[in-house]
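K.L.:
What shape does this take:
(2 chains)
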Amino acid sequence: MPEQKEGCVKAARGLIMPEAESAAPTGGAAQSQKEVSKMLARVGKEAPDFEANAFIEGEGFKPVRLSNYKGRWIVLCFYPGDFTFV
Amino acid sequence: MSTDSRFDHKIWQEHELCKMVEGGVPFPILSDAGGQIGRVYGVYDEPAGVDIRGRFIIDPDFVIRAMEVLTPEVGRNPDELIRQLKAFQHVRKTGEVTPSGWQPGDATLKPGPALVGKVWEVWKP
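P.N.:
Numbers count the residues shown, from 1 in each chain, chains lettered A, B, ... in the order given. The predicted model follows:
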């Protein structure tokens, strides 16, 4: 992972389409609704890949790409927000 | 992963999480600002602008094995997450299948013609 120069806004790649692997980063207008709907997460199907900005204890700010964890068991958790109650 | 920024994650870790878990949570805390990733995982709540409580188990081949999605007011059960992980790992290793409520060490089922109509002989709830 390249060292991230810290600014206020730093875009991560976001969703990464399988066929667009070597093409330009996805996101925005270039990504049609149809393409996105083909990517919907479902059990028994390949996980949609993405790169997101992250905070990692002991390492600081780094982009994290889900597929870098291929070959290991991954638990991906979403939650409504930092400092929420549950 | 939540729609908060990485800056929020850092402050949350340093001011609250480290008081719940010694040293803070050891895994990356990801930012899904804008909800682009949550949409594809089916957990983005558009009106609220947040990702609701979703949990996905992904195997070493990058295939999603399990998903659990809750509205925000009820928390998860890590014991059930670990049970499912162990069950999927067992299945992957052995080709056996794990019946309802299976815990490591419990009997598993070996699917095949001989088992049809005979599950009651080997497994009871």
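
K.L.:
so what's A:Val86 up against?
P.N.:
Under the criterion of CB atoms under 8 Å, 6 or more residues apart in numbering or on different chains, the neighbours of A:Val86 are B:Arg53, B:Pro72, B:Glu73, B:Val74, B:Gly75. Backbone N, C-alpha and C define where each C-beta goes, glycine included.

K.L.:
typed the wrong thing, it's B:Val91
P.N.:
B:Val97, B:Thr98.

K.L.:
By neighbour count, which of the contacts of A:Val86 wins?
P.N.:
B:Arg53 (22 neighbours; other CB atoms under 10 Å in any protein chain shown).

K.L.:
okay, the nearest residue to that one once chain neighbours are set aside: pLDDT?
P.N.:
Counting by CB to CB, 6 or more residues apart in numbering or on different chains, B:Arg53 lies nearest to B:Leu70, which is 4.3 Å off, once chain neighbours are set aside. Per-residue pLDDT puts B:Leu70 at 94.

K.L.:
Go through the contacts of A:Val86 and name the one nearest B:Gln36.
P.N.:
B:Arg53 (18.3 Å; CB to CB).

K.L.:
Span of stretch A:42-53 from start to end?
P.N.:
24 Å (CA to CA, to the nearest Å).

K.L.:
now do stretch B:69-82
P.N.:
End-to-end for stretch B:69-82, by CA to CA: 16 Å.

K.L.:
Look up phi and psi at residue 44.
P.N.:
As the question left the chain open, I've gone with chain A. phi 90, psi -10 (degrees, to the nearest 10).

K.L.:
oops, chain B please
P.N.:
Per degrees, to the nearest 10, the backbone of B:Tyr44 is at phi -80, psi 120.

K.L.:
wait, what's in contact with the residue lying closest to it once chain neighbours are set aside?
P.N.:
In this structure, B:Tyr44 finds its nearest non-sequential neighbour in B:Gly38, 3.4 Å apart by CB to CB, 6+ apart. Residues near B:Gly38 by CB under 8 Å, 6+ apart: A:Phe78, B:Met1, B:Thr3, B:Asp32, B:Tyr44, B:Asp51, B:Gly54.

K.L.:
May I see the residues you listed organised as JSON lines, with pLDDT added?
P.N.:
Output for the contacts of B:Gly38, formatted as JSON lines (pLDDT from 0 to 100):
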{"residue": "A:Phe78", "pLDDT": "97"}
{"residue": "B:Met1", "pLDDT": "98"}
{"residue": "B:Thr3", "pLDDT": "98"}
{"residue": "B:Asp32", "pLDDT": "97"}
{"residue": "B:Tyr44", "pLDDT": "97"}
{"residue": "B:Asp51", "pLDDT": "97"}
{"residue": "B:Gly54", "pLDDT": "97"}
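
K.L.:
which two from the residues you listed end up farthest apart in space?
P.N.:
Among the contacts of B:Gly38, B:Thr3 and B:Gly54 lie farthest apart (CB to CB), at 12.6 Å.

K.L.:
residues touching B:Leu109, list them.
P.N.:
With CB under 8 Å, 6+ apart, B:Leu109 has these contacts: B:Glu96, B:Val97, B:Thr98, B:Pro99, B:Leu115, B:Val119, B:Val122, B:Trp123.
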